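Enquirer: Need coordinates for the below:
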Amino acid sequence: MKKFGWKVAMLALLAGAIGFSTPSRAETGQVVVVFTKGGFVIGIGGGEGVLVLRGQRYPFTVSGMSVGFTIGASTTKFVGRALNLRGPASIQGTYSTMGAGGAVAAGAGGVQLQNANGVILQLSGPKVGAEVSAAVGGVTIRLK
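Expert: Numbers count the residues shown, from 1 in each chain. Okay, the predicted model is just below:
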């Protein structure tokens, strides 16, 4: 009987530890970014944005460069979500495109980017201007 009681106590302790493990603290925020890009062969862009998380606004700057076939200029106002945030500072970093489809999805200029912190930006918005691009590049976000 003593042996059986010890096993039951261990199972209860293990079940308690699993049941009371802390939930993931990842959060989702709202993002608005205005990005202007232009160039010939080398595209250079920049802009500003704001992250809204827990009712607070966190302004940031955006910069990026792409090398490849780029001709023209465009301005895009992206709106969307920032997923897997672990506080406002986790939005900072260099982002690259996710998935095989590249940066622009079919339709209204959608983009999905991820940084080294695991934050995923899901953004969409119409372009204003004319730009043809077959380039791949990164975008860097820094809080102001």
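
Enquirer: Every contact and neighbour count from this point should use C-alpha atoms.
Expert: Will do.

Enquirer: Let me know how buried Val79 is, in neighbour terms.
Expert: Val79 is flanked by 20 other residues according to other CA atoms under 10 Å.

Enquirer: which stretches of this protein have low pLDDT?
Expert: The chain contains residues with pLDDT under 70 at 1-24, 38-43, 65-72, 99-109, 127-137.

Enquirer: show me where it has strands.
Expert: 27-53, 56-85, 93-97, 110-114, 120-124, 127-133, 136-143 (DSSP state E).

Enquirer: The fifth one versus strand 27-53: what angle between them?
Expert: What it means is strand 120-124. In terms of direction (axes from the mean of the first three to the mean of the last three CA atoms, to 10 degrees), strand 120-124 departs from strand 27-53 by 60 degrees.

Enquirer: Strand 120-124 - contacts with which helices or strands?
Expert: strand 56-85, strand 110-114 (3 or more CA pairs under 8 Å, 6 or more residues apart in numbering; DSSP states H and E).

Enquirer: how about the ones you listed in TSV, adding distance to Val139?
Expert: Shown next, in TSV, are these (distance: least, CA to CA, whole Å):
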stretch	distance to Val139
strand 56-85	4
strand 110-114	9
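
Enquirer: Minimum distance to Glu27: which of those strands has it?
Expert: Of all the helices and strands packed on strand 120-124, the one in closest proximity to Glu27, counting by CA to CA, is strand 56-85 (4.9 Å).
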